[in-house]
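Visitor: Got a predicted structure here, sequence first:
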Amino acid sequence: MSAQREMKEKNPWHTPVTIIITVIGVIAIVALVTVGVLQNKPLLQKYKYGIVLDAGSSHTALYIYEWPAEKDNNTGRVEQIHSCKVKGPGISSYASTPLKAGESLRECMQEAEQRVPRKRHHETPLYLGATAGMRLLNMEDSAASNKVFQAVEEALQKFPFAFQGARILSGQEEGAFGWVTVNYLDDRLKQGLETTGALDLGGASTQISFVSDNYDGSESPDNSVTFRLYGNGYNLYTHSFLCYGKDQALRMTLAQQTLSGPRTIQDPCFHAGYNETKNYSVLYDSPCVSKRKPQSAPATFIHEGKGNFQQCQEIIKRVFNFTDCKFSQCSFNGVFQPLLQGPFGAFSAYYFVMNFLNLTDTSIPLETVRDKLSRYCATPWHQVVQQHPGVKVKYLAEYCFSGTYILTLLTEGYNFTSWSYPKIKFIKKIKGSDAGWTLGYMLNLTNMIPAEAPDSPPLPYTGYVSIVTLLAVTHKH
Ligand SMILES: Nc1ncnc2c1ncn2[C@@H]1O[C@H](COP(=O)(O)OP(=O)(O)O)[C@@H](O)[C@H]1O
Ligand SMILES: [Ca+2]
């Protein structure tokens, strides 16, 4: 007993000095943890942002992307949080009033200012990429296209974001970034899974991009893009057909029917009862058709529909050239295409049109799809208008043509068969983000997809704090 008491009396815990040291120690730990948290200030501002404007031939759309600030290099973490459709036509339509192209973007840009937290504005990259509409304007009148870009850049610089410039994407870039977007959102890149091909249908051009195992890119270097992403190498086949977007394809199909400059044409791709007076000069005002303008034509022609799918498909086929091919195999117009492979995602106008026609389900046999479209095309125009009161008449008039064009492009152009057609999925969004080139473009320009696989996942926030605490405690003892 006495020995025990002696020990208790000598216990150093009971001296005032050790109490003070302990108190100081505790304060030191608290201070260390606080400093640790405060020095990781970005952790409190959890997200970063990026903005891309897609200046398409028919319209411009703005997309805002968001990702966790600490995980820039992690796949599948960038998400679209907002999109805004710019009112009015695409920027290439403002060739004669360039300032208005800039002004048209203001409303969506103001929305972006509201959506991105103010503290992040100055570090948020802002890109504008223009596609086939501006490619065509640039071919036709490069001075006008430069003025449009100048006006658009001046307008965008007025906003507080980190503006990174406005430019025309090449067809390869448009195709390749669409493919990156689809595969990034599907989480296929990081995991090294089989990739999905991308089919993009615009108004003025259309893109096809896919990986074909038995193709190394050597037969047609213009059509190949190589990537190293997360430690995996990809050899992508891609091609963009200028003038084969659905609006320009319609022009080419109409041009073909008006070569002799007639007063009236009976168009199988439009519904019976459809009857509109159109301007020859407007129809031929595009590099896709300008060379074919009839020598002597009246100012206008009457565009009448007769609603015949078979005949429509016949005249659409004539805008494709299937004869000249200097490669082992071609899609059309002498363009090389390797053997189709893998699943495909078809987006943009592919989706809008097939969704309107209730034909997004590709498990429906191709023959049945043709029958359904044939019946739709045969529906009289007044009935079509009655059945779809909410749909824009311009779009409504063109769905028979557009649907027929899509089937012709896929089967005759790219060589999809009844066997491979079910491998196509008509999609608008993947996990909340729109399918299209914009996300892939931003991921590339911000270096957000590393060439090599990341070594190990970064420590989560709570893990970091507990390690700081642990270090502080062990240090004291
Ligand atoms: N609801 C819709 N129904 C039918 N077509 C649509 C709809 N919304 C957009 N589109 C069409 O989608 C196409 C989009 O092309 P766009 O991206 O502007 O051109 P490009 O990619 O060739 O520069 C246009 O043909 C446009 O008319
Ligand atoms: Ca587009």
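Guide: Great, that's in hand. Small disclaimer: the values here were computed from a predicted structure and weren't measured. Ligands and ions are numbered 1, 2, ... in the order given.
Visitor: Show me where the stretch 301-450 of the chain has its helices.
Guide: Under the criterion DSSP state H, counting those that start in this stretch, the stretch 301-450 of the chain carries helices at the ranges 309-317, 349-356, 366-377, 381-387, 393-408, 437-445.
Visitor: Tell me which of those sits most buried.
Guide: By mean neighbour count, with neighbours taken as mean count of other Cβ atoms under 10 Å, helix 437-445 ranks first of the helices of the stretch 301-450 of the chain at a mean of 23. No exception for glycine: its C-beta is placed from N, CA and C like everyone else's.
Visitor: contacting residues around the residue of the stretch 351-477 of the chain found nearest ligand 1?
Guide: Per Cβ to the nearest ligand atom, Phe352 is where the stretch 351-477 of the chain lies closest to ligand 1, at 3.6 Å. Neighbour list for Phe352: Tyr395 [criterion: Cβ atoms under 8 Å, 6 or more residues apart in numbering].
Visitor: Please repeat the previous calculation with a cut-off of 7 Å.
Guide: By Cβ atoms under 7 Å, 6 or more residues apart in numbering, no residues touch Phe352.
Visitor: Pretty sure Pro294 sits against Gln257.
Guide: No: using Cβ atoms under 7 Å, Pro294 makes no contact with Gln257, being 11.0 Å away.
Visitor: Can you add mean pLDDT and give the helices of the stretch 301-450 of the chain back as JSON lines?
Guide: Shown next, in JSON lines, are the helices of the stretch 301-450 of the chain (pLDDT from 0 to 100):
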{"stretch": "helix 309-317", "mean pLDDT": "98"}
{"stretch": "helix 349-356", "mean pLDDT": "98"}
{"stretch": "helix 366-377", "mean pLDDT": "98"}
{"stretch": "helix 381-387", "mean pLDDT": "98"}
{"stretch": "helix 393-408", "mean pLDDT": "98"}
{"stretch": "helix 437-445", "mean pLDDT": "98"}
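Visitor: Tabulate these in CSV, adding columns for distance to ligand 2.
Guide: Shown next, in CSV, are those (distance: least, Cβ to the ion, whole Å):
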stretch, distance to ligand 2
helix 309-317, 21
helix 349-356, 8
helix 366-377, 23
helix 381-387, 26
helix 393-408, 15
helix 437-445, 7
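Visitor: got TSV for the ones you listed, with distance to Val289 too?
Guide: Shown next, in TSV, are those (distance: least, Cβ to Cβ, whole Å):
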stretch	distance to Val289
helix 309-317	14
helix 349-356	19
helix 366-377	23
helix 381-387	25
helix 393-408	15
helix 437-445	26
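Visitor: is ligand 1 contacted by stretch 424-436?
Guide: No: for stretch 424-436, no contact with ligand 1 is found by Cβ under 6 Å from any ligand atom; the gap never falls below 7.9 Å.
Visitor: how about that stretch: buried residues?
Guide: 424-427, 430, 433-436 (16 or more other Cβ atoms under 10 Å).
Visitor: hmm, that stretch in reach of ligand 2?
Guide: No: judged by Cβ under 5 Å from the ion, stretch 424-436 stays clear of ligand 2, getting no closer than 6.5 Å.
Visitor: Output that stretch as CSV, nothing but the C-alphas.
Guide: Taking C-alpha atoms only, stretch 424-436 is exported to CSV below (Å, rounded to 0.1, in the frame of the first residue of the first chain):
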residue,chain,number,x,y,z
ILE,A,424,-26.9,2.5,-83.2
LYS,A,425,-28.4,4.3,-80.3
PHE,A,426,-30.2,7.6,-81.0
ILE,A,427,-29.2,9.7,-78.0
LYS,A,428,-29.6,13.3,-76.8
LYS,A,429,-27.9,13.2,-73.5
ILE,A,430,-25.6,10.9,-71.5
LYS,A,431,-25.9,11.2,-67.7
GLY,A,432,-27.3,14.7,-68.0
SER,A,433,-24.8,16.1,-70.4
ASP,A,434,-25.6,16.7,-74.1
ALA,A,435,-23.8,14.5,-76.6
GLY,A,436,-21.7,16.7,-79.0
